[in-house]
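Asker: The sequence and its predicted three-dimensional model are supplied below.
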Number of protein chains: 4
Amino acid sequence: MQHKILLTDCPDEKGLIARITGLCSQHHLNIIKNNEFVDDSHNRFFMRTELAGELDDDAFESELKAHLPAGGQYRLVDNGRKRIVILVTKEAHCLGDILMKASYGDLNVEIAAVIGNYDTLQNLTEKFSIPFHLISHEGLSRSEHEKFIQEQIAHYQPDYVVLAKYMRILTPELVAAYPHRIINIHHSFLPAFIGARPYQQAFDRGVKMIGATAHFVTNNLDEGPIIEQDVIHTDHTYSAERMASAGRDVEKYVLSRALRFVTEERVFVTGNRTVVFR
Amino acid sequence: MQHKILLTDCPDEKGLIARITGLCSQHHLNIIKNNEFVDDSHNRFFMRTELAGELDDDAFESELKAHLPAGGQYRLVDNGRKRIVILVTKEAHCLGDILMKASYGDLNVEIAAVIGNYDTLQNLTEKFSIPFHLISHEGLSRSEHEKFIQEQIAHYQPDYVVLAKYMRILTPELVAAYPHRIINIHHSFLPAFIGARPYQQAFDRGVKMIGATAHFVTNNLDEGPIIEQDVIHTDHTYSAERMASAGRDVEKYVLSRALRFVTEERVFVTGNRTVVFR
Amino acid sequence: MQHKILLTDCPDEKGLIARITGLCSQHHLNIIKNNEFVDDSHNRFFMRTELAGELDDDAFESELKAHLPAGGQYRLVDNGRKRIVILVTKEAHCLGDILMKASYGDLNVEIAAVIGNYDTLQNLTEKFSIPFHLISHEGLSRSEHEKFIQEQIAHYQPDYVVLAKYMRILTPELVAAYPHRIINIHHSFLPAFIGARPYQQAFDRGVKMIGATAHFVTNNLDEGPIIEQDVIHTDHTYSAERMASAGRDVEKYVLSRALRFVTEERVFVTGNRTVVFR
Amino acid sequence: MQHKILLTDCPDEKGLIARITGLCSQHHLNIIKNNEFVDDSHNRFFMRTELAGELDDDAFESELKAHLPAGGQYRLVDNGRKRIVILVTKEAHCLGDILMKASYGDLNVEIAAVIGNYDTLQNLTEKFSIPFHLISHEGLSRSEHEKFIQEQIAHYQPDYVVLAKYMRILTPELVAAYPHRIINIHHSFLPAFIGARPYQQAFDRGVKMIGATAHFVTNNLDEGPIIEQDVIHTDHTYSAERMASAGRDVEKYVLSRALRFVTEERVFVTGNRTVVFR
């Protein structure tokens, strides 16, 4: 018996749930779990259907396409481990958390490789027997540097690219190569404190909470669809450094939740928002 | 065009979503929103389906019963205001919050009446032009007292009975009269601090958070199915009194969220747990 | 025996705690609770000292001024009920919560009056036997309107002015009349979503949490020192209206916490930040 | 210039803050930060004073003892790295988090060694160049096994012993050897779900939140003074396994916060409660 997930993203119409689940029934597939959502402002229908049964994927997908609205995507994916490549700079906490969770099974990912523009995290990565590629940006133009990065990523054919505190802005070429497949962790409760040194900004503004935001990367910096956010309370005794230290716990927590949602195929994008079926 | 909610609670079988949503389609009903859950440990299927369209309720319900598993409940309810009766003792915060929210429209309830075993909250209740019935327990046996209460409740034929800090234990007769329709707010994060004086217990134990729990009332005191819970942080400077004061904010917040879930028909009971479709 | 609070706000120097608590000892005052904080970036010392004993206030304050750094404030205040005037527009939830809490003693305030630029909340206010003054802005210039408001406030000589969803921007004259004594609740997690329609902004940005911020009012709109903030989780199913409804619970919670901190004399302002001694 | 922390734990008396801070002044010590608390129910005074200056520790401690109440403890400790020994069984998440945080400086601890009753975590520990001692309990009586453990711990002379998911109950001998210096993480929001399989218990009870509790170990199992607690929201879709997985994030977060408080000398014990100066 196979376990599959059917991901439907199509123009909304009457009767879609009945038609899709009806097709599943005709194919003797058992629905383990079903979530759906209609985005009225874009007239778009989203459904995530966990299926069990014997399945001819291609035949089933063809039939879905034949019976369901044009302009839709009907993807049958498996429930298995997703392949990721992680980009880092110097900070260890997010990378470390993903390495740990992958190693004891709390994240269903295969970390194909880690790429850093410094060698700071090479040692940590290799402790976990994961290849680390140092691709320094020194002496290179932005586009040259990123060309090397993109080639290295492409080599691994990852399902997702994770920016685990990668502190450089991606070029449109790289973003375009992995649409809604690059996940970034931003060290603030977006849209607050966009840009550089958010903990210093947070300190200066005297906020009583700090947060973190995981989002898909688009060409608008810090403006991509938000996947997950969380915050913690602070108070007047927190320096900017102490805020940053506390923030590291939220960052890694938020990033790993977002990664879990994405790798379990729970996330759709609609306009600049996400639908997350928990 | 009507708006209705179909509530399905039946033995699990293959193809239920397809059959139910198929019947909706045949009746030209548009599904606005659909949530489902299977409780594997009880082999039970739960679905909440928001429908829009022209509908002959009785015909539709009959057809559902004919085509769906025996031993199931298939209820078509409307989306409208629910009728509640509130029982209180002396504390104002939960009652006050419900009165306020009902008056400005954040809770879709009609408060038919408030019944108190003291007159402490009569004045507050009547400010909002709601009838208040004082039914003192003094000089009465428990069963006599509750017989009067039950008669008064029955007079109003409420959809739900809300214990908004009603500090007496209900008799099995009253509980049986409103199965899964009596909602209580318990002043702790159940199952911690069952019983009397939970804030004193919490203080004595030196906990760093206090909570509140809204649950359906069953004959096992503080053991009914939990609908909603929340907590707030405290610290060593909190006395038992200050904990209680902070606790009042959580209590009213948790109770009003539970009430919203219940009155919007989002809650099913399975075994001693609830399914809450948010 | 009297209970007093000594509030110290002065340039930082070595030995201040010893000198101040030494003076308290010499005056046979018992220190019930003491909190201090030094803001290094402004070289400023803040201390809040709860005292019990027999006390000649003027003599004690003179002595403090004689022995402590110039350019400091040394205020002896009592622990009692603070007098507030509340400004509102049309939304009931924050006003209702303050009315309720004041009536059952969870906020140690005397609500001298409520002033509204609409009469929407007159009825609610008068239920609690509090005077309501309608001062419509219609047909008046901003400065004319606010002159009437300011006169009405001045009549009551409040300790604090609370903007409980008062939807108009104050003139510099009114702000200047009550420095760090006007408290506003802003319907977002500042500095996110400054300006109009924050819940629509939050919806459009697709955030996964919404928040509220209580702050002192200064002449920079939404930029005054933050007293308290909190957030709640939302998800893709929340419309802008549902976000606003959920937001109302956070708004009233945050405002009433900020009010408690302020009226218990727990809040100092340093630069554009607050020190809150919990 | 030295940085030290003075920890005062003594019977409450009038004028203690003045006397202690006065002595600091006489010794030309600058107070960087001061926190105090009086536990009225035990008539006990607690103060934590961060000091900077040139200091003869022994002379200063003697003078404190001479001038301050008998029956008190007056300890001058440095602000530096604390030495810990970690006990584990098979679960990696708490150990991994401490190893990571110690390695990038978010926890100011020196991990002297890890001791396990299984070898499951040997490999992980040694990745970080920390000695791992396997002390299997197989074939040994409880007291024999723990005698070996205690000897191994003693060898390292740690400031604190951390039970990072060590799944065996300590003997009174070991507990007595490190009074208020053994920290445990319990996988529930104590006092809920005391005992075995708390996530299964939580699932069975249908709670809507799960938590974790860090506490000092005493001879009453799960009853020692609580240092820190936190919770996360769950819902009906969480199986016991999914609860446990989510719980691991809270556990490691709570344990590392408690460790930070303890190693920064922020925690006092009074009765069965803790005072935590944040």
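Answerer: Nice, I can see it. Numbers count the residues shown, from 1 in each chain, chains lettered A, B, ... in the order given.
Asker: Next, the buried residues of stretch A:207-218.
Answerer: Within stretch A:207-218, the residues that count as buried by 16 or more other CB atoms under 10 Å in any protein chain shown are A:V207, A:K208, A:M209, A:I210, A:G211, A:A212, A:T213, A:A214, A:H215, A:F216, A:V217, A:T218. The way it works is simple: take the backbone N, C-alpha and C, and place the C-beta from them, glycine included.
Asker: Could you give the number of residues near A:T171?
Answerer: Residues within reach of A:T171, counting by other CB atoms under 10 Å in any protein chain shown, total 17.
Asker: what's the answer for the one 4 residues further on, then?
Answerer: A:V175 has 20 neighbours, counted by other CB under 10 Å.
Asker: And A:V254, by the same measure?
Answerer: Neighbour tally, A:V254, other CB under 10 Å: 26.
Asker: doesn't it fall inside a helix?
Answerer: Yes. Applying DSSP: H, G, I helix; E, B strand; the rest coil, one finds A:V254 inside a helix.
Asker: Quick one: residues contacting it.
Answerer: By CB atoms under 8 Å, 6 or more residues apart in numbering or on different chains, the residues touching A:V254 are A:I185, A:G211, A:A212, A:T213, A:A214, A:E228, A:Q229, A:D230.
Asker: In strands only, show me those.
Answerer: Judged by DSSP state E, strands contain the following of these: A:I185, A:G211, A:A212, A:T213, A:A214, A:E228, A:Q229, A:D230.
Asker: Any chance of these in TSV with distance to chain D and pLDDT as columns?
Answerer: Formatted as TSV, those follow (distance: CB to the nearest CB, whole Å; pLDDT from 0 to 100):
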residue	distance to chain D	pLDDT
A:I185	15	97
A:G211	15	93
A:A212	13	95
A:T213	17	95
A:A214	14	97
A:E228	13	97
A:Q229	14	96
A:D230	10	96
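Asker: Now flag whichever of these is closest to D:L16.
Answerer: A:G211 (39.9 Å; CB to CB).
Asker: With adjacent residues omitted, what lies nearest to the closest one?
Answerer: A:F189 (2.9 Å; CB to CB, 6 or more residues apart in numbering or on different chains).
Asker: gap between whichever residue of the stretch 101-250 of chain A sits closest to chain B and chain C?
Answerer: Scanning the stretch 101-250 of chain A for proximity to chain B using CB to the nearest CB identifies A:H233 as nearest, at 7.3 Å. A:H233 sits 8 Å away from chain C, going by CB to the nearest CB, to the nearest Å.
Asker: which residues does A:A176 contact?
Answerer: Counting by CB under 8 Å, 6+ apart, A:A176 has no contacts.
Asker: Before we move on, what's the pLDDT of it?
Answerer: pLDDT, A:A176: 96.
Asker: Can you pull the phi/psi pair for it?
Answerer: Torsion angles at A:A176 (phi, psi; degrees, to the nearest 10) stand at phi -70, psi -30.
Asker: So which bits of the stretch 51-200 of chain A are right by chain C?
Answerer: For the stretch 51-200 of chain A, the contact set with chain C under CB under 8 Å from any CB of the partner chain comprises A:F189, A:L190, A:P191, A:A192, A:F193.
Asker: ok, the fourth one - contacts?
Answerer: When you say that, I think you mean A:A192. By CB under 8 Å, 6+ apart, the residues touching A:A192 are A:P198, A:A202, A:V207, A:G211, C:F189, C:L190, C:P191, C:A192.
Asker: how about the residues of the stretch 51-200 of chain A next to chain C in a markdown table, adding pLDDT?
Answerer: Below are these laid out as a markdown table (pLDDT from 0 to 100):
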| residue | pLDDT |
| --- | --- |
| A:F189 | 84 |
| A:L190 | 82 |
| A:P191 | 84 |
| A:A192 | 84 |
| A:F193 | 85 |
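Asker: Strands of the stretch 51-200 of chain A, start to end?
Answerer: A:73-78, A:82-88, A:109-116, A:132-134, A:160-163, A:182-186 (DSSP state E, counting those that start in this stretch).
Asker: Among those, which comes closest to B:Y74?
Answerer: Smallest distance to B:Y74 across the strands of the stretch 51-200 of chain A (CB to CB): 29.9 Å, for strand A:73-78.
Asker: returning to that earlier point: top of the residues of the stretch 51-200 of chain A next to chain C by number of neighbours, please.
Answerer: Counting neighbours by other CB under 10 Å, the top entry in these is A:F189, with 29 neighbours.
Asker: That residue and A:Q201, how far apart?
Answerer: Separation of A:F189 from A:Q201 (CB to CB, to the nearest Å): 11 Å.
Asker: cool, and A:I194?
Answerer: Taking CB to CB, one finds A:I194 at 9 Å from A:Q201.
Asker: List the contacts of the residue nearest the centre of chain A.
Answerer: Centroid-nearest residue in chain A: A:I183, 4.0 Å away (criterion: CA atoms, centre = their mean). Counting by CB under 8 Å, 6+ apart, A:I183 touches A:160-163, A:214-217, A:227, A:255, A:258-259, A:262.
Asker: Tell me the predicted confidence for the residue lying closest to A:L87 once chain neighbours are set aside.
Answerer: Closest residue to A:L87 in three dimensions, ignoring its sequence neighbours and counting by CB to CB, 6+ apart: A:Y166, at 3.9 Å. pLDDT, A:Y166: 97.
Asker: Show me whatever sits in contact with both of A:I194 and A:Q201.
Answerer: Common neighbours of A:I194 and A:Q201 (CB under 8 Å, 6+ apart) are A:S188.
Asker: So what's the predicted local confidence for A:G195?
Answerer: 77.
Asker: and what of A:V269?
Answerer: 97.
Asker: Does it lie in a helix or a strand, and which?
Answerer: Element membership for A:V269 (DSSP states H and E) is strand A:267-270.
Asker: Could you list the residues in contact with that strand?
Answerer: The contact list for strand A:267-270, computed with CB under 8 Å, 6+ apart, reads A:7, A:9, A:37, A:39, A:42, A:44, A:46, A:48, A:180, A:216, A:225, A:227, A:261, A:274-277.
Asker: Up against chain D, what does chain A have?
Answerer: Residues of chain A lying near chain D by CB under 8 Å from any CB: A:33, A:91-93, A:96-97, A:100-101, A:103-104, A:106, A:124, A:127-128, A:235, A:237, A:245, A:248-249, A:253, A:256, A:278.
Asker: Please, a PyMOL command that selects the buried ones among the residues you listed?
Answerer: Command for PyMOL that selects the buried part of the residues of chain A next to chain D, burial taken from 16+ other CB under 10 Å:
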select buried, chain A and resi 91+92+93+96+97+100+101+103+104+106+124+127+128+245+248+249+253+256
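Asker: Now intersect the residues of chain A next to chain D with the helices, please.
Answerer: Of the residues of chain A next to chain D, the ones assigned to helices by DSSP state H are A:93, A:96-97, A:100-101, A:103-104, A:124, A:127, A:245, A:248-249, A:253, A:256.
Asker: Just name the closest of the contacts of A:A192 to D:S141, please.
Answerer: Looking across the contacts of A:A192 and measuring by CB to CB, the closest to D:S141 is A:G211, at 50.9 Å.
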